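Engineer: I would like to see how this sequence folds:
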Amino acid sequence: MISRSLSASERPGQLEFLEHLVDSEANYERIVRFLNRFSPSLVRRVKLYTKETPLFEHFGIQEEISKALCSKSGSRAAARLSSTD
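Structural biologist: Just a heads-up that it's a prediction; the model follows:
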């Protein structure tokens, strides 16, 4: 899951999410059910990510994680983060 956030100017110091991408249909449905019950106005911000390219790769997150892990370990071996439901 990925959230894009924006600092709301009317609430200094607080973040408000603009969009929350979910790459699992089961998790998407759980989040939408939860929000419908507790914060219906946020449901429209939750989107199911359905592209073929994995979510982290699409946004370049996987590459950044790999770089960070390689630089900390001193190794050139690539690290891979996988998400599970």
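Engineer: show me what contacts residue 48?
Structural biologist: Counting by C-beta atoms under 8 Å, 6 or more residues apart in numbering, residue 48 touches 21-23, 25, 28. For the C-beta atoms, the positions are set from N, CA and C on the backbone; glycine is no exception.
Engineer: and the closest residue to residue 42 other than its chain neighbours, what helix or strand is that in?
Structural biologist: In this structure, residue 42 finds its nearest non-sequential neighbour in residue 35, 4.9 Å apart by C-beta to C-beta, 6 or more residues apart in numbering. Using DSSP states H and E, the element containing residue 35 is helix 25-38.
Engineer: list the buried ones in that helix?
Structural biologist: By neighbour count on 16 or more other C-beta atoms under 10 Å, the buried set for helix 25-38 is 28, 31-32, 35.
Engineer: of those residues, which is the nearest to residue 60?
Structural biologist: residue 28 (22.3 Å; C-beta to C-beta).
Engineer: show the pLDDT at that closest one.
Structural biologist: We note a pLDDT of 93 for residue 28 in this prediction.
Engineer: quick one: contacts for it?
Structural biologist: By C-beta under 8 Å, 6+ apart, the contact set of residue 28 is 22, 46, 48.
Engineer: for the last one, name its beta-bridge partners.
Structural biologist: Each beta-bridge partner of residue 48 is listed here, defined by DSSP bridges: residue 22.
Engineer: domain boundaries for the protein, per the record?
Structural biologist: Domain assignment for the chain, taken from automatic domain parsing, gives 2-50, 54-85.
Engineer: which of those comes out lowest on mean pLDDT?
Structural biologist: Among the domains of the chain, domain 54-85 carries the lowest mean pLDDT, at a mean of 70.
Engineer: can you list the residue ranges for helices in this structure?
Structural biologist: 25-38, 55-58, 61-73 (DSSP state H).
Engineer: for those, which one sits closest to residue 17?
Structural biologist: That would be, of those and by C-beta to C-beta, helix 25-38, which comes in at 11.3 Å.
Engineer: just to revisit the earlier point, reformat the contacts of residue 48 as TSV; add distance to residue 66.
Structural biologist: Converted to TSV, the contacts of residue 48 look like this (distance: C-beta to C-beta, whole Å):
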residue	distance to residue 66
21	20
22	23
23	19
25	27
28	26
